[in-house]
Each structure stands twice: as C-alpha cells, then as structure tokens.
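**Q** my questions are about this predicted structure, shown below with the sequence.
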Amino acid sequence: MGNKKSSLLTYLTFLLIALVTIFWGRQLALHYENIRVWDFTGWLFLLIGIPFILLQKEAGLPELWQPSVSNKKRIWIPLATGLFFALLDVIVIIVILHPEPYKTLPPFLQPFPYSVVLYTSGAFEVEVFYRLIPITLALFFAQRFFPKYATTIFWIMAVLTSLREPIEQFQQGALWYVLYSFISGFAMNFLQVVFYKKAGVLASLFTRLGHYLLWHILLGLYIEYFML
C-alpha cells in the first residue's frame, strides 16, 4: 500500500503544480501579451489519470517509486535522453534553420520563471494522455484476459502511442526536416514507452522533462535575457 500511496501523492503534487500554472498564467496575462494560459477544464481532465496511477502493478508496470527500480533508470538516464533529443532540436531548428537572433520570444517559448511551471505541467499532461492512460488500460486488460499476449500488446501500444505526437505535430518544409522531425519525435516517444515499462511512468515523464528543460526553459531563458 505504501507504493500506491507514494504514487498518488506524486500525482497530486503534479496536479498542484498545474493548478499554480493556471493562476500564475492568468495573472501574467493581465500585464503581458502572448502568455499561454491553462484553463480549469484541462486541469479537471487530469483527474482522470488518478485511477490509472493506482493500477500500475495490476497492469504489470512498475509503481512510480518502486524500490527495486534505481533512480538511475527512473530519473537520470531518461533525463539525459530527453536532453539529447532537445540538443538535436536546438542544432537543427535554432542553429541550422534559424541562425539569426530572435527579436521576440518565439511562440514555443514563454517568460522565465513562468516557463518552469508551464512546461512541467505540459509535460505532465502529455504523459497522462499519451502514455499513462492508454498503456495502463491496455496492459491491465491484457493481464486479465490475454496474459499470453501481454508482451505483444505492449509493443503494439508502444508503436501506436509513439506515432501520436509526430503525426499531431507533423511539420512542413524541406523533406530532410520533415523526416528529421518525424523520426526523432517517434524515437523519443518510443524510448519513453520502453523506459515506462522498465522503470515506471516517472521515467517516461523525466524523459520529456529533460527535453522541455533544454528546449523550452533554458532556451527561452537564453533568448529572453541574452538576445532580446
């Protein structure tokens, strides 16, 4: 029961961060333009994930803070992986495609330190709906009704859920850039599912947090304070 309690408390902590994001964003929007603001409807949808966070063991997945999983596998390797993919994005999109200095914050960045809570909440939201709910649901039923095919079902879900983001964010432009965006997006999402299976949903979340840390937060901090 201790593992489930710690999992629930962790989930509630991220819900609290998302709630802070809503109120902070609304205050900033009163004084600044182009502030991305969360609404309460989006926050309420995150409550759907609570039952799923309590079904990790039953779905054959590690609990969020399962003692047998090291923090190296749960946090540090995923974080480094996310940073690696973010570094590739910086090289391709900023260095190669947009070498000239920015005169305003681009649409994918927000003012610091608001960016910290906004993109932490954004990463949390993505992981809830891209991986936590669909993968837990599929593997829970697989364990109950099709245990022989649980591994096959996992890999099918790994591919399907990894395709969602690159398809939703399909890029326009030169063929090489379109291919880069699709392949790198799929690769990172696929690794997130693999990390999830081996070390729990926090491993998937920390991969995305690593990506957002460099791509959204540190890059935004650099542009805001050193370019503008």
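**A** Received the coordinates, thanks. Please read all numbers here as calculations on a predicted model, not as lab measurements.
**Q** which other helices and strands contact the top helix by length along the chain?
**A** As assigned by DSSP state H, the longest helix anywhere in the chain is helix 2-29. Counting contacts by 3 or more CB pairs under 8 Å, 6 or more residues apart in numbering; DSSP states H and E, helix 2-29 packs against helix 40-46, helix 49-53, helix 114-127. In short, each C-beta sits where N, CA and C put it, glycine included.
**Q** buried residues in it, which are they?
**A** Across helix 2-29, burial judged by 16 or more other CB atoms under 10 Å covers 3, 7, 10-11, 14-15, 18-19, 21-22, 24-25, 28.
**Q** which residues touch Glu125?
**A** Glu125 sits next to 18, 42, 46 when contact means CB atoms under 8 Å, 6 or more residues apart in numbering.
**Q** now stretch 164-177, how far from the centre of its chain.
**A** The chain centroid and the centroid of stretch 164-177 are separated by 18 Å under CA atoms, centre = their mean, to the nearest Å.
**Q** so for that stretch, mean pLDDT?
**A** Here stretch 164-177 scores 91 as its mean pLDDT.
**Q** what's the end-to-end length of it?
**A** 18 Å (CA to CA, to the nearest Å).
**Q** just the buried residues of stretch 66-81, please?
**A** 66, 69, 73-75, 77-79, 81.
**Q** just give me the closest of those residues to Tyr114.
**A** Leu79 (21.7 Å; CB to CB).
**Q** chain neighbours aside, what residue packs nearest to the closest one?
**A** Gly210 (4.0 Å; CB to CB, 6 or more residues apart in numbering).
**Q** quick one: that neighbour and Leu218, what's the gap?
**A** 11 Å (CB to CB, to the nearest Å).
**Q** same deal with Pro101?
**A** Taking CB to CB, one finds Pro101 at 17 Å from Leu218.
**Q** those two - which one has more neighbours?
**A** More neighbours surround Leu218 than the other of Pro101 and Leu218, with 16 against 9 (other CB atoms under 10 Å).
**Q** now do the contacts for that one.
**A** No contacts exist for Leu218 under CB under 8 Å, 6+ apart.
**Q** let me know the pLDDT of the nearest residue to Ile53 once chain neighbours are set aside.
**A** The shortest distance from Ile53 to any non-neighbouring residue, by CB to CB, 6+ apart, is to Tyr11 (4.7 Å). Tyr11 is assigned 97 on the pLDDT scale.
**Q** isn't Tyr11 right up against Phe52?
**A** No: Tyr11 is not in contact with Phe52 according to CB atoms under 8 Å; the separation is 9.3 Å.
**Q** about what we covered before: which one of the buried residues of stretch 66-81 is nearest Ala150?
**A** Distances from Ala150 to these, taken by CB to CB, are shortest for Gln66, at 18.3 Å.
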